[in-house]
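> Sharing a model prediction with you, sequence too.
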Amino acid sequence: MGFEDDWRAWHESRERYAGAEYGPAALESTNWLITEPAAVEGVPGLWARTDDGAIRGSDLGVGGSVITLRGAETLRLGRRELRVFDRRGAVALRVFNPRRREREHFSAIDAYPPRQGWRIPASFEPTPGERITVTTIDGQATESELAGRLHFALDGNPLTLHATRTPQGGLTAVFADGTNGIETYRFRFLPIDEPDPDGSAIVDFNRAYLPPCAFSDQYLCPQPPNGNRYSLPIRAGERAVVFGG
């Protein structure tokens with residue numbers, strides 16, 4: 001498969017994921033819970049967190065049963081799907097609704113045409129033991145381990161991209177650039193292929209993709225650290241969500 005065909009297959013898979021019945025555009029609410037049971041809008045019953053970080057639902061009108069959700073477990077109540085969201089010990093009940101207006105009217109993900117020129121050679125500098133402050137869109141700041149820095153040049157300007165690791169172990173970065181708020185969403189995510197043993201790497205901006213919060217404001221996405229905010233425009237990758245009808 002050639003470069004453009006490979007990119008188009010990736011882009012089509014992204015659109016399928018984004019428009020899926022219980023995909024990111026279906027997230028209706030994120031409800032932070034305490035140990036005292038409380039109602040959640042659109043969902044029957046009363047909901048609370050347990051002392052061990054699970055979620056318990058009661059008075060659901062299903063034979064008077066009590067339901068407990070842990071980790072990656074989900075529950076369907078009618079068309080809605082309930083999931084557990086744990087952020088460093090704070091627990092929320094997330095409600096996904098395929099009938100959410102933005103999910104029903106999702107049409108496509110607008111993107112720049114792929115260009116080989118946006119596959120930029122870089123050198124990777126590991127940073128063992130170094131940490132970086134990550135601030136989510138709701139203002140919460142936490143310290144995360146910095147995996148390393150990627151050094152590269154764009155239009156003759158030396159730039160640095162700070163990368164962390166996903167829970168699955170892959171390198172990832174969050175960046176902002178001169179197109180944000182005009183041509184693209186306010187920031188984007190970027191996966192990074194594992195560098196070679198000598199540190200040589202490729203930063204492929206064609207694979208820049210929209211964060212979940214572009215599809216629903218109920219996500220709590222990490223924002224770009226200061227070192228990943230560029231004034232130069234990066235016209236590559238995904239641009240914005242397209243809604244139709």
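Good, I have the coordinates.
> show me where pLDDT drops low in this protein?
Within the chain, the segments meeting pLDDT under 70 span 61-64, 245.
> can you list the domain ranges for it.
Following automatic domain parsing, one gets these domains for the chain: 24-97, 107-243.
> nearest to M1, of those?
domain 107-243 (12.6 Å; CB to CB). Just so you know, the C-beta spots here come from the backbone N, C-alpha and C atoms, and that holds for glycine as well.
> end-to-end on the closest one?
5 Å (CA to CA, to the nearest Å).
> how far is it from where the chain is centred?
Here domain 107-243 is found 11 Å from its chain centre; the criterion is CA atoms, centre = their mean, to the nearest Å.
> Can you name the element that comes right after the helix ranked longest in the chain?
Ordering each helix of the chain by length in residues (DSSP state H) puts helix 3-18 first. As assigned by DSSP states H and E, the chain's next helix or strand after helix 3-18 is strand 27-32.
> How about residues contacting that following strand?
Residues outside strand 27-32 that contact it (CB atoms under 8 Å, 6 or more residues apart in numbering): 40-42, 47, 80, 85, 90-97, 100, 212, 215-216, 218-220.
> can you put the domains of the chain in TSV and add mean neighbour count and distance to A9?
Converted to TSV, the domains of the chain look like this (neighbours: other CB atoms under 10 Å; distance: least, CB to CB, whole Å):
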stretch	mean neighbour count	distance to A9
domain 24-97	16	20
domain 107-243	16	11
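> Pipe those domains into a markdown table and attach distance to Y17 per row.
Output for the domains of the chain, formatted as a markdown table (distance: least, CB to CB, whole Å):
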| stretch | distance to Y17 |
| --- | --- |
| domain 24-97 | 8 |
| domain 107-243 | 10 |
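> Identify whichever of these lies nearest to G2.
Once the domains of the chain are compared by CB to CB, domain 107-243 is nearest, at 10.3 Å.
> Isn't R186 up against A176?
Yes - under the criterion of CB atoms under 8 Å, R186 makes contact with A176 at 7.0 Å.
> picking that back up, mind giving me the packing neighbours of the longest helix of the chain?
Secondary-structure packing of helix 3-18 (3 or more CB pairs under 8 Å, 6 or more residues apart in numbering; DSSP states H and E): strand 106-111, strand 238-243.
> Distance to I67 added to those, as a markdown table?
Shown next, in a markdown table, are the helices and strands packed on helix 3-18 (distance: least, CB to CB, whole Å):
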| stretch | distance to I67 |
| --- | --- |
| strand 106-111 | 30 |
| strand 238-243 | 33 |
